[in-house]
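K.L.:
Sequence plus the predicted model coming up.
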Amino acid sequence: PTFYPKVIEEDGIDICVCGEAEDALSDLMNALEKGEDYTKIPNLLVKKNGKIYHNEMRNLREDIDNFPFPDREIAYEHEIWRKQPIRHFIACRGCAYRCTYCFVGDTPIHTDKGIKEIKDLEDYDNLKVLTSTGKWEKINHFFKREYSGDIISITPFKIGIPTKCTPNHKLFVFRNNKIEDIEARYLKKDDKLCIPIPQKIESAYIDIYNELKDIELEVRSQRKIDFNKIQQAIPLIEEDFYSNRAIASMVDLSNTFVSAISRNYLATGIWPEETKTTQVRLELANNNVRFTLGKNEVPGKIAINKDFCRLVGYYLAEGSVCKHKRRANSYETVFTFGKEEKEYADDVMNLIEDIFKIKPHKIIDGPTIKVYIGNSIVGHLFKKLFGTGARNKKINNLLNLKSELQLEVLRGWIRGDGDKNIYCTTSSQTLAYQLFLVSYKLGFTPGLYKYKTKENKIGNREIKSGEDYYVLTFARSKDRNFLRNFVFDIDSKE
């Protein structure tokens, strides 16, 4: 409880002691014996009637020699203990174990929601992390400790981003042709750190309805019925003298409509406004999905195949999702390429039409080519699964794909954010680490480095200095030659 006070929240636990227990337990026993309130005893965490009491801590006792020796006779008073062949006694104060190994707070951790710093995992409900076995597992406990000792900084070869931990923290290391868990302080320069690779193979398709079914939108639209007639009907209904049928005849509205606004007023006390609000949700229609009242449909399930993965790669590099300027609840997806990348823009056009069965639009704007997809469902899908905005891109759902599919993600991404030397950049920390993992899974040996931007100007866009960006490189000639040929159709050998 001292290190992990949240244990009091678990089922079956009513009272915990933090810090030194001698005085706190004595006060607790006395209070229970006398039937007194024990919820305010210092050093105690108490859960009672659904409420948790976090009490103040006592000062540490400096006169510990005055404490009596422990009464070991208690081990013989109960039969269940007397029959035990071995009895354990801890001959020290506090915890007998040295569990002070930790990572520093800004250590990046792979989660199923993207990269998160370890200090931000305290509220870990419904969160899974990538474990040493390559499996995604729920977090059981979160420990946060004060520490004032030495910190070891480890910068592996080809990863220019250090990992910092306490000297006694164990790491998986490949040494002497086998994997060992070795404390950080005993690492050597020739050791090879091991990283987990996601093992599970994901589903072969994306169920769009299940991904987006919780989205609720409000759409305001102009009424088809003349609002002046509604305004004429309201005072007549308020008089409570005329029947709905008579009012309908007087203002030239249908009896059904007058009855409806009358019932709504009696139920809510609200009269209709000039514009009406409609709740919009996703709905299934013959294996397709569309928003309520919408006309544009897309397939309900999308196959995760090579074409889709290449499209995702393009999106990670060149795509964004934004709200439509004239329709507040509508999203549009935009891919932006340079004029020299017409081949890639045309590829995106064909992929969108083949995958989503909708026709995108291409606009040449000065030195750029933009591909617009006006379908709101596509926008919501890309925003949820792959993020929007350069710093928020991610591929959480695609980390566990088969190798040939992940290669297609790399192909699309490198075409947008890389060059023919396979020098690739992104400002998304999550995406950088995820593509680094993917690259290792594919058998490459990439390098990953973190830099700060310098003040610059690209076109009309100002680049601020001091912002982080990440570089993924493939220095091994075998890797670079393969990717040049696979991504750019360049047949070269070094």
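P.N.:
In hand now; what should we look at? Numbering: from 1, shown residues only.

K.L.:
ok, now which ones touch the residue positioned nearest the centre of the chain?
P.N.:
Residue closest to the average C-alpha location in the chain (CA atoms, centre = their mean): residue 113, at 2.3 Å. Counting by CB atoms under 8 Å, 6 or more residues apart in numbering, residue 113 touches 127, 396. In this view, the C-beta of every residue, glycine as well, is placed from N, C-alpha and C.

K.L.:
burial count for the closest residue to residue 423 other than its chain neighbours?
P.N.:
Nearest non-adjacent residue to residue 423, counting by CB to CB, 6 or more residues apart in numbering: residue 473, 5.7 Å away. The number of residues packed around residue 473, counting by other CB atoms under 10 Å, is 19.

K.L.:
Regarding the chain, what is its longest strand?
P.N.:
When the chain is scanned for its longest strand (criterion: DSSP state E), the result is strand 331-338.

K.L.:
separation between the residue nearest to residue 423 and residue 160?
P.N.:
Distance, residue 473 to residue 160, by CB to CB, to the nearest Å: 10 Å.

K.L.:
Touching both of these two, which residues are there?
P.N.:
What both residue 473 and residue 160 touch, as defined by CB under 8 Å, 6+ apart, is the set 447, 448, 449.

K.L.:
taking these one by one, which sit in strands?
P.N.:
Applying DSSP E to the shared contacts of residue 473 and residue 160, the entries found in strands are 447, 448, 449.

K.L.:
Just the buried residues of those.
P.N.:
Buried members of these, scored by 16 or more other CB atoms under 10 Å, are 447, 448.

K.L.:
Out of the ones in strands among the shared contacts of residue 473 and residue 160, flag the one nearest to residue 74.
P.N.:
Minimum distance to residue 74 across those is 57.1 Å, recorded for residue 448 (CB to CB).

K.L.:
In contact with the closest residue in space to the closest one that isn't next to it in sequence, which residues are there?
P.N.:
Leaving aside its chain neighbours, residue 448 sits nearest to residue 436 (4.7 Å; criterion: CB to CB, 6+ apart). Residues near residue 436 by CB under 8 Å, 6+ apart: 159, 446, 448, 472.

K.L.:
ditto for residue 361
P.N.:
371, 372, 374.

K.L.:
tell me which of the shared contacts of residue 473 and residue 160 is nearest to residue 154?
P.N.:
Nearest member of the shared contacts of residue 473 and residue 160 to residue 154, counting by CB to CB, is residue 448, at 14.2 Å.

K.L.:
Could you measure from that closest one over to residue 473?
P.N.:
Applying CB to CB, the value for residue 448 to residue 473 is 8 Å.

K.L.:
just to revisit the earlier point, ok, and for the longest strand of the chain, which residues are buried?
P.N.:
For strand 331-338, burial by neighbour count (16+ other CB under 10 Å) applies to 331, 332, 333, 334, 335, 336, 337.

K.L.:
secondary structure element for residue 438?
P.N.:
Using DSSP states H and E, residue 438 maps to helix 429-441.

K.L.:
Check residue 261 too.
P.N.:
helix 255-268.

K.L.:
Show me what that helix is packed up against.
P.N.:
For helix 255-268, the elements it packs on are helix 227-239, helix 244-251, judged by 3 or more CB pairs under 8 Å, 6 or more residues apart in numbering; DSSP states H and E.

K.L.:
for it, which positions count as buried?
P.N.:
So helix 255-268, judged by 16+ other CB under 10 Å, has buried residues 257, 258, 259, 261, 262.

K.L.:
what angle sits between it and helix 227-239?
P.N.:
60 degrees (axes from the mean of the first three to the mean of the last three CA atoms, to 10 degrees).

K.L.:
13 is where my numbering starts, stick with that
P.N.:
In the new numbering, first residue 13, that becomes helix 267-280.

K.L.:
List the contacts of helix 267-280.
P.N.:
For helix 267-280, the external contacting residues (CB under 8 Å, 6+ apart) are 237, 242, 245-246, 249, 256-257, 259-260, 263, 282-284.

K.L.:
how close does the closest residue to residue 447 other than its chain neighbours sit to residue 440?
P.N.:
Counting by CB to CB, 6+ apart, residue 447 lies nearest to residue 484, which is 6.0 Å off, once chain neighbours are set aside. Look at residue 484 and residue 440: by CB to CB, they are 11 Å apart.

K.L.:
give me the number of residues near residue 405?
P.N.:
Using other CB under 10 Å, residue 405 has 26 other residues around it.

K.L.:
gap between the residue lying farthest from the centre of the chain and residue 303?
P.N.:
Distance from the C-alpha centroid of the chain peaks at residue 253, with 59.3 Å (CA atoms, centre = their mean). Residue 253 sits 43 Å away from residue 303, going by CB to CB.

K.L.:
Over to residue 351?
P.N.:
Residue 351 is 35 Å from residue 303, by CB to CB.

K.L.:
Which one of the two is surrounded by more residues?
P.N.:
Neighbour comparison, residue 351 and residue 303: the larger count goes to residue 303, with 22 against 12 (by other CB under 10 Å).

K.L.:
isn't that one right up against residue 390?
P.N.:
No - using CB atoms under 8 Å, residue 303 makes no contact with residue 390, being 11.8 Å away.

K.L.:
highest average neighbour count across the helices and strands packed on helix 267-280?
P.N.:
Ranked by mean neighbour count, these are led by helix 256-263 with a mean of 16 (mean count of other CB atoms under 10 Å).

K.L.:
got the angle between it and helix 267-280?
P.N.:
Using the same axes, to 10 degrees: helix 256-263 against helix 267-280 is 120 degrees.

K.L.:
Packing partners of helix 256-263?
P.N.:
So helix 256-263, by 3+ CB pairs under 8 Å, 6+ apart, packs with helix 239-251, helix 267-280.

K.L.:
Quick one: mean pLDDT for stretch 151-160?
P.N.:
The pLDDT scores in stretch 151-160 average 81.

K.L.:
Quick check: buried residues in that stretch?
P.N.:
With the criterion 16+ other CB under 10 Å, stretch 151-160 contains no buried residue.

K.L.:
who touches that stretch?
P.N.:
Contacts of stretch 151-160 (CB under 8 Å, 6+ apart): 15-16, 18-19, 112, 114, 131, 133-134, 136, 139-141, 178.
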